[in-house]
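Colleague: Predicted model and sequence follow; I will ask about them next.
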Amino acid sequence: MTETRFIYNTSYVFSFFQSRQVTSKTDLAAVNFVKVSNTIQFCSRQPCKFLSRMKASSLEAKPKVIVISGPTGVGKTRISIELAKLLNGEIISADSVQVYRKLDVGSNKPSIEERNGIVHHLIDIVEPTYEFSAGEFFQRAREATKSILSRHKVPIVVGGTSMYVRWYIYGLPATPPATNSVAYYVSTTLEELNGNWDLAIELLEQLDPMRATKICRNDWYRLRRALEIYYATGKPLSELPLQGGAPNPKKLLQGIPVTDLDYDFRCFFLVAPRKELNRFIDRRCERMIAQDGLLKEVFELLYKRELSKDSSAGKAIGYRQTIEYLTNHETNALDQFMKYLRDFQNASRQYARRQLQWFRGEELFHWVPVEMFSNDISHVAPIEYIMHWFAATSEEYKESTRQRIDAEVREISLKQGKEMKTYTPELVLFQDQNLIESTVREACDFQFKLREA
């Protein structure tokens, strides 16, 4: 069999990551992805070739499922909706906050208009008081997948919640229930720490450092469960075998191919230049507060007792900081507001960084560079790239991941991440002193009403 390797056009990669000037969107008909060394060339000027490959690949045994992830703010929603239109697909949200009703602004949930007639699953399915788990996501997402495939449509899983995406692909970890002795030991251990969260999370970091980075502060339920799993198995959650016999994702780093997954997963991780992405995230945080009504949304939920700081929904980025701000009784209103804004922006940027770190270890994913200029995200090239690999045979796709055709993109992103140590946030909307003052007045009014409630 002739070896086929698909690689990025090197000049395209470097111009993407180094460019800082606004340009017009790439003409869809002109985009080419170049094959070298006994390659197959895919070009949008050759639709018959694409369709013929689609037909051939449809004869393969396992149904194909597209998985799209990426750091917050990179444009997953817009790209997935456009892709769903082209492939007759339906979208399954893999976002741990968008599952909650009434949490619209802080979750950046796509509106009905933005969904543009594309069916979305696992959005607005539970109340904010409900404790939605990764295990429940797995069950519901897999049920939605079967339903979509039964209607001869393409499932497109989209989201940045790392654990959701990993478990969706590989299956749930085979975690045993806690025995009475293990539960007692963990409870006794935590009691000895006298409710000191810092000491408790330090204990977990020694046993399961990966899981410790994923648990929000004061989420005692998840910390307790992580400790129970470790003491019951002697292993951190990330090293446990997965249900259904799928190999542990870590083993993929050793070159062991996945042959027993139940679907033919085509996985893509969207990545943008780090500085532009961080700027976009900072502006989006400002916009959520200044224009989109995040303060009002959280105030109304708190006032009606539909959201609390101790719930999973209340610990989500954006909501946690807003709850702390609105329930704070400090007197210096301006300093209090600026601290809230900076904390929100910083938490959002750090979340994007953690997403990038997590997916560097996910070998099934192609890293796909997305052009980002100011507020405009060009999503033409990624769509063609995804459609190409969706149409490819299973053997071609597996070979592309084995050859690590996106190594250059990953390496550039890693280098850019190191450069972000000197990143300095800049205000855009809140350079306007009048806007700051009006926002602070609104927040003070909300704070007063909550104190009186």
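Modeller: Done, it's in.

Colleague: in the chain, which strand has the most residues?
Modeller: As far as residue count goes, and with DSSP state E defining each element, the longest strand of the chain is strand 264-271.

Colleague: contacts for that one?
Modeller: Residues from elsewhere that reach strand 264-271, judged by C-beta atoms under 8 Å, 6 or more residues apart in numbering: 60, 62-71, 74-76, 79, 169, 356, 359, 362, 364-370, 382, 385-386, 389-390, 394, 397, 409, 413. C-beta coordinates here come from the backbone N, C-alpha and C atoms, glycine included.

Colleague: quick one: average confidence on it?
Modeller: When pLDDT is averaged over strand 264-271, the result is 96.

Colleague: Stretch 369-377 now?
Modeller: Model confidence over stretch 369-377, given as mean pLDDT, is 58.

Colleague: Convert the longest strand of the chain to PDB, retaining C-alpha atoms only.
Modeller: In PDB, the C-alpha atoms belonging to strand 264-271 read as follows (Å, rounded to 0.1, in the frame of the first residue of the first chain):
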ATOM      1  CA  ASP A 264     -14.600   6.000  13.700                       C
ATOM      2  CA  PHE A 265     -13.700   9.300  15.500                       C
ATOM      3  CA  ARG A 266     -12.300  12.200  13.400                       C
ATOM      4  CA  CYS A 267     -11.000  14.600  16.000                       C
ATOM      5  CA  PHE A 268      -9.900  18.200  15.500                       C
ATOM      6  CA  PHE A 269      -8.500  20.700  18.000                       C
ATOM      7  CA  LEU A 270      -8.700  24.300  16.800                       C
ATOM      8  CA  VAL A 271      -5.800  26.500  17.800                       C
END
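
Colleague: For it, which strands pair with it and how are they oriented?
Modeller: Counting by DSSP bridges, the strands paired with strand 264-271 are strand 64-69 (parallel), strand 365-369 (parallel).

Colleague: Going through the contacts of strand 264-271, which ones are buried?
Modeller: Using 16 or more other C-beta atoms under 10 Å as the burial test, those include 63-71, 74-76, 79, 169, 356, 359, 362, 364-370, 382, 385-386, 389-390, 397, 409, 413 as buried.

Colleague: how deep is the closest residue to Asn328 other than its chain neighbours tucked in, by neighbour count?
Modeller: Of all residues beyond its chain neighbours, the one nearest Asn328 is Gln336 (6.1 Å), with distances taken as C-beta to C-beta, 6 or more residues apart in numbering. Counted with other C-beta atoms under 10 Å, residues neighbouring Gln336 total 17.

Colleague: how far away is Gln336 from Ala443?
Modeller: Using C-beta to C-beta, to the nearest Å, one obtains 8 Å as the distance from Gln336 to Ala443.

Colleague: Give the residues shared as contacts by the two.
Modeller: Shared contacts of Gln336 and Ala443 (C-beta under 8 Å, 6+ apart): Tyr325.

Colleague: Dihedrals phi and psi, Val165?
Modeller: Listed backbone geometry of Val165 is phi -60, psi -40, with angles given as degrees, to the nearest 10.

Colleague: of all the strands paired with strand 264-271, which lies closest to Glu127?
Modeller: strand 64-69 (26.2 Å; C-beta to C-beta).

Colleague: Need the mean per-residue confidence for the closest one.
Modeller: When pLDDT is averaged over strand 64-69, the result is 97.

Colleague: helices or strands next to the next helix or strand after that strand in the packing?
Modeller: Tracing the chain C-terminally past strand 64-69 and defining elements by DSSP states H and E, one meets helix 76-87 next. Using 3 or more C-beta pairs under 8 Å, 6 or more residues apart in numbering; DSSP states H and E as the contact criterion, the elements in contact with helix 76-87 are strand 64-69, strand 89-93, helix 112-115, strand 154-158, helix 380-391.

Colleague: how about a cut-off of 6 Å?
Modeller: strand 154-158, helix 380-391 (3 or more C-beta pairs under 6 Å, 6 or more residues apart in numbering; DSSP states H and E).

Colleague: Send me the longest one as PDB with only the CA atoms.
Modeller: Extracted as PDB, the C-alpha positions of helix 380-391 are listed here (Å, rounded to 0.1, in the frame of the first residue of the first chain):
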ATOM      1  CA  VAL A 380     -12.900  28.800   5.900                       C
ATOM      2  CA  ALA A 381      -9.700  26.800   6.000                       C
ATOM      3  CA  PRO A 382     -10.500  24.700   9.000                       C
ATOM      4  CA  ILE A 383     -13.800  23.600   7.500                       C
ATOM      5  CA  GLU A 384     -12.100  22.400   4.300                       C
ATOM      6  CA  TYR A 385      -9.400  20.700   6.400                       C
ATOM      7  CA  ILE A 386     -12.000  18.900   8.500                       C
ATOM      8  CA  MET A 387     -14.100  17.900   5.500                       C
ATOM      9  CA  HIS A 388     -11.000  16.400   3.900                       C
ATOM     10  CA  TRP A 389     -10.200  14.200   6.800                       C
ATOM     11  CA  PHE A 390     -13.800  13.300   7.300                       C
ATOM     12  CA  ALA A 391     -13.800  12.000   3.700                       C
END
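
Colleague: That one vs strand 89-93, what angle?
Modeller: An angle of 100 degrees separates the directions of helix 380-391 and strand 89-93 when computed by axes from the mean of the first three to the mean of the last three C-alpha atoms, to 10 degrees.

Colleague: So for Gln98, which of the strands paired with strand 264-271 sits nearest?
Modeller: Ranking the strands paired with strand 264-271 by distance to Gln98, with C-beta to C-beta as the measure, places strand 64-69 first at 13.9 Å.

Colleague: how distant is the closest one from the center of its chain?
Modeller: Distance of strand 64-69 from the chain centroid (C-alpha atoms, centre = their mean, to the nearest Å) equals 13 Å.

Colleague: Next: stretch 199-216.
Modeller: Counting by C-alpha atoms, centre = their mean, stretch 199-216 comes out at 21 Å from the chain centroid.

Colleague: if we can go back for a sec, pick the most buried one from the helices and strands packed on helix 76-87.
Modeller: strand 154-158 (a mean of 24; mean count of other C-beta atoms under 10 Å).

Colleague: how about JSON lines for the helices and strands packed on helix 76-87, with mean pLDDT and distance to Asp198 added?
Modeller: Written out in JSON lines, the entries for the helices and strands packed on helix 76-87 read as follows (pLDDT from 0 to 100; distance: least, C-beta to C-beta, whole Å):
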{"stretch": "strand 154-158", "mean pLDDT": "98", "distance to Asp198": "35"}
{"stretch": "helix 380-391", "mean pLDDT": "87", "distance to Asp198": "41"}
